[in-house]
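Q: quick one: sequence plus predicted model below, questions after.
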Amino acid sequence: MRLDKLVAELTGMTRSQARDVIVKGRVCVNGEVKKTTAEQVKEEGDVLTLDGKTLTFQKFVYYMLNKPAGTVSATQDREAKTVLSLLSAEDKKRRNLFPVGRLDKDTEGLLLLTDDGMLSHQLISPKKHADKLYFAKLAREITEEDITVFASGMRVDEELTAMPAVLRRLSEPELEGFLPGGGVAAAVTLHEGKFHQVKRMFAATGNEVLYLKRMAMGGVCLDETLAPGEYRSLTEEELQTLQESVRSEG
Ligand code: URA
């Protein structure tokens, strides 16, 4: 594997950050400074250090993707482009990666990709209730009544009863970041993830979701420096937050 790729995977840095620390001579392979980002290294066998600190190999990989609209959260699809098609050739070949849960084709934002089946299962398990935060562009302003209805749990339609959810207005900076051109929006935090759940909950209150973006999951926030379609490894800290989010919920 390329040195810059491995440093990125082991540290959670982006590829360009990894290249930067390599060219600055901060990375050693088996005790020797290596400044060539394309240098081939062995994931298991070579010992890498950054600023003298040993980087250890992770059994699994954990990525956050800023999912663009128009891609499906599946490993394969006959017609549409899948989120896996956004991965580098190296990641496509090497890893048995899959998305953690689903976002609709037109939904954007945080989608975790991993090859850790156990953590993925826990994150989407209804028993664990990992929080998911969405920002929604709406057809009309939310009311105090909508907030109460979301908070008390609602019968959405014939098939769906939703658990209590937190609906709130966006702060000014949040709104400015989310809809720079202006518009009506709200934030909703769910503890479950049923099919089209956010859209159906708003529809049940006579509203309409015009655009939906997931901002956070299990306490991990979307890195807003990732353009739609870009991804990076989770940092150690983000991974711990995710693991704790499922542990603490029992
Ligand atoms: N709720 C929806 O309606 N769509 C999504 O993609 C995610 C949650």
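A: Alright, I've got the coordinates. Numbers count the residues shown, from 1 in each chain.
Q: list, one by one, the residues from the chain near the ligand.
A: Within reach of the ligand by CB under 6 Å from any ligand atom, the chain has these residues: 103-104, 107, 196-199, 212. Yep, even glycine has a C-beta here, placed from its N, CA and C like the rest.
Q: state the next helix or strand along the chain beyond the lowest-mean-pLDDT helix or strand in the chain.
A: Using mean pLDDT, DSSP states H and E, the weakest-scoring helix or strand in the chain turns out to be helix 89-94, at a mean of 74. For helix 89-94, the following helix or strand on the C-terminal side (DSSP states H and E) is strand 98-99.
Q: for this protein, which strand is longest?
A: Of all segments of type strand in the chain, defined using DSSP state E, the longest is strand 209-217.
Q: so what strands line up beside that one?
A: Strand pairing for strand 209-217, using DSSP bridges, gives strand 108-114 (parallel), strand 132-138 (antiparallel), strand 220-221 (antiparallel).
Q: most tightly surrounded among the ones you listed?
A: With neighbours defined by mean count of other CB atoms under 10 Å, none of the strands paired with strand 209-217 is more surrounded on average than strand 108-114, at a mean of 24.
Q: just grab the bridge partners of Met217 for me.
A: Under the criterion used (DSSP bridges), Met217 bridges to Lys132, Val220.
Q: so who does it touch?
A: 100, 110, 112, 123, 130-133, 242 (CB atoms under 8 Å, 6 or more residues apart in numbering).
Q: just Arg19 next, same as before
A: Going by CB under 8 Å, 6+ apart, Arg19 touches 4, 37.
Q: average pLDDT across the host helix or strand of it?
A: Under the criterion of DSSP H and E, Arg19 resides in helix 15-23. Across helix 15-23, the average pLDDT comes to 93.
Q: following it, which helix or strand comes up?
A: Using DSSP H and E, the next helix or strand after helix 15-23 towards the C-terminus is strand 27-29.
Q: now tell me what touches the helix or strand that that following strand is followed by from outside.
A: Going down the chain from strand 27-29, the next helix or strand is strand 32-33, by DSSP H and E. The contact list for strand 32-33 (CB under 8 Å, 6+ apart) reads 25, 27.
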